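Chemist: Make a model of this:
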Amino acid sequence: MQEKSKINTDISERISIVIEYLNLTPNSFAKKLGYERSQTLYDIINQKSAPSFDFFYKFCNSEFSALINTEWLISGNGNYKKEERQLVALPKDNTKELEMIRDLAAENALLKKENEELKLRGRVHSYRHDNLVAEPELKQSAPNK
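Modeler: Numbering: from 1, shown residues only. Reported below is the predicted structural model:
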């Protein structure tokens, strides 16, 4: 029975380390994990209860799982901070995407030009319509005799 008590003590201490590392209070940590009442977390930290599956589930699905090594939190093995993995960008053949972008840019330029021409035609048509003047009818005069 003493072994179980030791495990709970160790996990409680590790949870306290996590809270301190994240620069949070137990209350804010509990709220961020989705607990309505922070008492659950205080009971774990003060070793009144052991962390449940629910606690670890909430932790693993929280923003903190990207920073804290879950294996360390549960077992104490390894480092508490997750190691940053070096990502290497592999060259990608973007030829098709670049061609599509060029085609779309050319089409966009053509549409802009057509749009401007239509606007200009609309202005000219509107101007002519607004300034229509009826031409006087020419009276035919009788020929001089």
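
Chemist: From S75, how far out is the residue nearest in space to the middle of the chain?
Modeler: Centre of the chain computed as the mean C-alpha position; nearest residue by Cα atoms, centre = their mean is E63, 14.0 Å away. Separation of E63 from S75 (Cβ to Cβ, to the nearest Å) stands at 22 Å. C-beta here means a position set from N, CA and C on the backbone, and glycine is covered the same way.

Chemist: The residue nearest to the centre of the chain: what's its closest spatial neighbour, skipping adjacent residues?
Modeler: Nearest in space to E63, with sequence neighbours left out and distances taken as Cβ to Cβ, 6 or more residues apart in numbering, is K32 at 7.3 Å.

Chemist: mind listing what that neighbour touches?
Modeler: With contacts taken as Cβ atoms under 8 Å, 6 or more residues apart in numbering, K32 has the following neighbours: L24, S62, E63, F64.

Chemist: Report the buried members of these.
Modeler: Buried residues within the contacts of K32, counting neighbours by 16 or more other Cβ atoms under 10 Å: F64.

Chemist: and the contacts of K32 as JSON lines, adding secondary structure and distance to F53?
Modeler: Below are the contacts of K32 laid out as JSON lines (DSSP: H, G, I helix; E, B strand; the rest coil; distance: Cβ to Cβ, whole Å):
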{"residue": "L24", "secondary structure": "coil", "distance to F53": "22"}
{"residue": "S62", "secondary structure": "coil", "distance to F53": "15"}
{"residue": "E63", "secondary structure": "helix", "distance to F53": "20"}
{"residue": "F64", "secondary structure": "helix", "distance to F53": "17"}
